[in-house]
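Student: After the sequence you'll find the predicted model.
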Amino acid sequence: MKLNEIKDNEGASKDRIRVGRGIGSGKGKTGGRGVKGQKARSGVAINGFEGGQMPIYRRLPKRGFNNIFSSDFVVVSLGRIQAAIDAKKLDASATIDAASLKAAGVIRRVKDGVRVLADGELSAKVTIEVAGASKAAVEKIEKAGGSIKLLAAAAAE
C-alpha cells in the first residue's frame, strides 16, 4: 500500500447537503426552511417572544431576594478527604487547607472558602484549616484524633 492509495472506509464520510440549489435537489427553493415568515429569513431572534402577547417572564411576579454579599463555600465531605488520603493524593501529616485540596483534585476552585461536612467516615489523624465546618464534622475530626482550625473569614458569620 502506498500513501496515494489510502482512502476512507465505505460510508465513513458523507457530503454535506447544499441547500437552495434548484428544486431537483430536494432541498431547493425554500432550502429546508419551510415556507415564509420570520423563521424563513436569516437573523431570527425570537427566544421568549410570544407573538406580542405579554411574555411569561413578565406575567409572573418577581419573588425573593438575592443577597450579593453572601459567601459561596465549596463543600467537601470527610469521606472525600479520607478517600484522597487513602489514594495518597493528600498527606495526612501535613495541614490540609484549601490550596492542598485543590492541588489534590478534591475541589476545582476555592471560591469564598471551603466548608467541611460530616458525610462519610474519617479514620486518619488530620489537621484541617478551612473557612467552615459543621458541628458533626468537627466532632468526627476530633474523635479521629485530629484538629480543625476555622479561618477568620468564616468567623465573621
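Tutor: Right, received. Where do you want to start?
Student: ok, Ile107 - contacts?
Tutor: Applying CB atoms under 8 Å, 6 or more residues apart in numbering to Ile107 gives the contacts 74, 76, 98, 101, 114. Backbone N, C-alpha and C define where each C-beta goes, glycine included.
Student: which one of those has the most neighbours?
Tutor: The residue in the contacts of Ile107 with the most neighbours, by other CB atoms under 10 Å, is Val114 (26 neighbours).
Student: Out of the contacts of Ile107, list just those in strands.
Tutor: Per DSSP state E, strands hold the following members of these: 74, 76, 114.
Student: ok, Val138 touching Ser147?
Tutor: No: using CB atoms under 8 Å as the test, Val138 is too far from Ser147 to be in contact (9.5 Å).
Student: and the gap between the residue sitting nearest the centre point of the chain and Ala152?
Tutor: With distances taken as CA atoms, centre = their mean, Arg108 lies nearest the centre of the chain, 9.5 Å away. From Arg108 over to Ala152 the distance is 24 Å, taken as CB to CB, to the nearest Å.
Student: Kind regards, and thank you for your time.
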